[in-house]
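Asker: coords below, sequence missing:
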């Protein structure tokens, strides 16, 4: 697996070797058997990896036969300023911080910061405008208070907190910053009623509960029978006591039921392509360079149905729609369909979810400046989209 990953990482560089006529003959040797993909793996070891000393006798003989041609082409590329490191595709997840949401149902932020300082961490602060530069200057034992999301801490990228006692106790939730945005901008108040429409694994549900101080009620459902156990577990670990968890389809929930009469807040974070998740080692897949339009259309249709259903709850005042996708079909296009529906447009409007967030939606939509996008390169978080609808009061 490691060898395949490394080969894909240096794919563009290795392909240049097979563009050379002499090296290209390597593919047709008995040892390679005409497989261009296998040739790239072998070339990786020859020019970037550990050499061919661990090859079998047949493959080793073929590698030795072409070693001179490979080295000559490597020198030619170097003379042109083309190197393996220069061509390597790095996963953008390497630039994303380790985010930790302090679960205030278990421990206060002040307690956490005090304990971190006792353990030798230096606590830093910054403004939204200089977040990226401040993060990039962090030392290994520095921790930054996030300037956008309350109760969110920012650690250096490779900080491993999985074994930290507060993770086991539910005080630390290892949650990407983008994933914290839906509940944070929804801002449900203590004592109110909310709904997490596609809730598993439960981080957004528990975040809502923390914002609501475990007062009120949250209905949380998920269609996946396998994921519902994870949702229950998250509620238990995080000390969330106001969630009413059920396995089922949000589309099957009847908005006119009496128990939903006073429901004011809904998060719709539906199934999506996941194309914004940088931590899935995006450089390893050609999928990022090609799009399955048929799949996107199916996802779009489902997303529209789920979001449209949220507007049917008679007392709802605020609805967040979010995805971890970079595709317009799953983001702005879904919002456009809502605003193109008279009943929704006449009763709801898009409002700015977070004024301090500068990265906005596609400007070819007239509402682009009222929705949020997140990008690993500019925002140091996974790719994400957030729109906030609020009931009109005029």
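Answerer: Great, that's in hand. Computed from a predicted model, the values in this text were never measured in an experiment.
Asker: Quick one: mean pLDDT for the helix ranked longest in the chain?
Answerer: Here the longest helix in the chain is taken by residue count, with DSSP state H as the criterion, and it is helix 57-79. The pLDDT scores in helix 57-79 average 91.
Asker: Show me the contact partners of that helix.
Answerer: The list of residues contacting helix 57-79 from outside it, by Cβ atoms under 8 Å, 6 or more residues apart in numbering, reads 13, 16-17, 20, 22-23, 25-26, 29-32, 42-43, 46-47, 52-53, 55, 83. All C-beta spots, glycine's among them, are computed from the backbone N, C-alpha and C.
Asker: Just the buried residues from the residues you listed, in PyMOL please.
Answerer: To isolate in PyMOL the members of these that are buried, counting by 16 or more other Cβ atoms under 10 Å, one can use:
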select buried, resi 13+16+17+20+23+26+29+31+32+42+43+46+47+52+55
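Asker: Show me what the longest strand along the chain is packed up against.
Answerer: Of all the segments assigned as strand in the chain under DSSP state E, the longest by residue count is strand 384-391. Packed against strand 384-391 by the contact rule (3 or more Cβ pairs under 8 Å, 6 or more residues apart in numbering; DSSP states H and E) you find helix 177-186, strand 318-323, helix 332-339, strand 348-350, strand 372-374.
Asker: Okay, buried residues for the third one please.
Answerer: It stands for helix 332-339. Applying a neighbour-count criterion of 16+ other Cβ under 10 Å, the buried positions in helix 332-339 are 332-335, 337-339.
Asker: between that helix and strand 384-391, what angle do the directions make?
Answerer: For helix 332-339 and strand 384-391, the angle between their directions (axes from the mean of the first three to the mean of the last three Cα atoms, to 10 degrees) works out to 10 degrees.
Asker: Likewise for the longest one?
Answerer: For helix 177-186 and strand 384-391, the angle between their directions (the same axes, to 10 degrees) works out to 10 degrees.
Asker: Pull the distance from whichever helix or strand comes after helix 177-186 to the chain's centre.
Answerer: Toward the C-terminal end, the helix or strand that comes next after helix 177-186 (DSSP states H and E) is strand 193-196. Here the centre of mass of C-alpha atoms in strand 193-196, compared against the chain's by Cα atoms, centre = their mean, to the nearest Å, lies 23 Å away.
Asker: what is the mean pLDDT for stretch 171-187?
Answerer: Along stretch 171-187, the predicted confidence averages to a pLDDT of 97.
Asker: First-to-last residue distance for it?
Answerer: The first residue of stretch 171-187 is 20 Å away from its last residue (Cα to Cα, to the nearest Å).
Asker: Next: stretch 245-263.
Answerer: Between the opening and closing residues of stretch 245-263 lies a distance of 16 Å (Cα to Cα).
Asker: And the contacts of that stretch?
Answerer: If you take Cβ under 8 Å, 6+ apart as the criterion, stretch 245-263 is touched by 192-195, 197-199, 219-225, 228, 231-232, 235, 268, 305-306, 309-310, 312-316.
Asker: Next: stretch 358-368.
Answerer: Residues lying outside stretch 358-368 but in contact with it, judged by Cβ under 8 Å, 6+ apart, are 128, 328, 331-332, 335-336, 339, 350, 369-375, 378-379, 385.
Asker: Quick one, which of the residues you listed are buried?
Answerer: For the contacts of stretch 358-368, burial is judged from neighbour counts taken by 16+ other Cβ under 10 Å, and it is met by 328, 331-332, 335, 339, 350, 370-375, 379, 385.
Asker: Tell me which two in these are the farthest apart.
Answerer: Across those, no pair lies farther apart than 339 and 379, at 25.0 Å, counting by Cβ to Cβ.
Asker: which helices and strands sit right next to the strand or helix carrying residue 204?
Answerer: Here residue 204 sits within helix 203-211, counting by DSSP H and E. Counting contacts by 3+ Cβ pairs under 8 Å, 6+ apart, helix 203-211 is packed against strand 172-173, helix 177-186, strand 193-196, strand 217-222, helix 225-237, strand 243-247, strand 263-268.
Asker: Report the angle between that helix and strand 217-222.
Answerer: Between helix 203-211 and strand 217-222, the angle formed by their directions is 170 degrees, by the same axes, to 10 degrees.
Asker: can you give me the angle helix 203-211 makes with strand 263-268?
Answerer: Relative orientation of helix 203-211 and strand 263-268, computed by the same axes, to 10 degrees: 150 degrees.
Asker: what about stretch 160-177, how long is it end to end?
Answerer: Start and end residues of stretch 160-177 are separated by 16 Å (Cα to Cα).
Asker: Contacts for that stretch next, please.
Answerer: Residues from elsewhere that reach stretch 160-177 (Cβ under 8 Å, 6+ apart): 96-103, 105-107, 112, 146, 148-149, 152, 154-155, 203, 206-207, 237-239, 279, 374, 379-382.
Asker: Please tell me I have it right and residue 315 contacts residue 264.
Answerer: Yes. Proximity of residue 315 to residue 264 meets the contact threshold set by Cβ atoms under 8 Å, at 6.1 Å.
Asker: In terms of neighbours, single out the busier of these two.
Answerer: The residue with more neighbours, out of residue 315 and residue 264 and counting by other Cβ atoms under 10 Å, is residue 264; that gives 19 against 12.
Asker: Could I get the pLDDT score of the closest residue to the more buried one other than its chain neighbours?
Answerer: Ranked by Cβ to Cβ, 6 or more residues apart in numbering and with sequence neighbours excluded, the top spatial neighbour of residue 264 is residue 317, at 4.5 Å. Per-residue confidence for residue 317 comes out at a pLDDT of 98.
Asker: isn't residue 317 right next to residue 311, touching?
Answerer: No. With the criterion set as Cβ under 8 Å, residue 317 and residue 311 do not qualify as a contacting pair; they are 11.3 Å apart.
Asker: ok so, going back, strands paired with the longest strand of the chain, and their directions?
Answerer: Strand 384-391 has its sheet partners listed here by DSSP bridges as strand 318-323 (antiparallel), strand 348-350 (antiparallel), strand 372-374 (antiparallel).
Asker: export those strands to JSON lines and tack on distance to residue 390?
Answerer: Rendered in JSON lines, the data for these read as follows (distance: least, Cβ to Cβ, whole Å):
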{"stretch": "strand 318-323", "distance to residue 390": "5"}
{"stretch": "strand 348-350", "distance to residue 390": "6"}
{"stretch": "strand 372-374", "distance to residue 390": "15"}
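Asker: Please consider this matter closed, and thank you.
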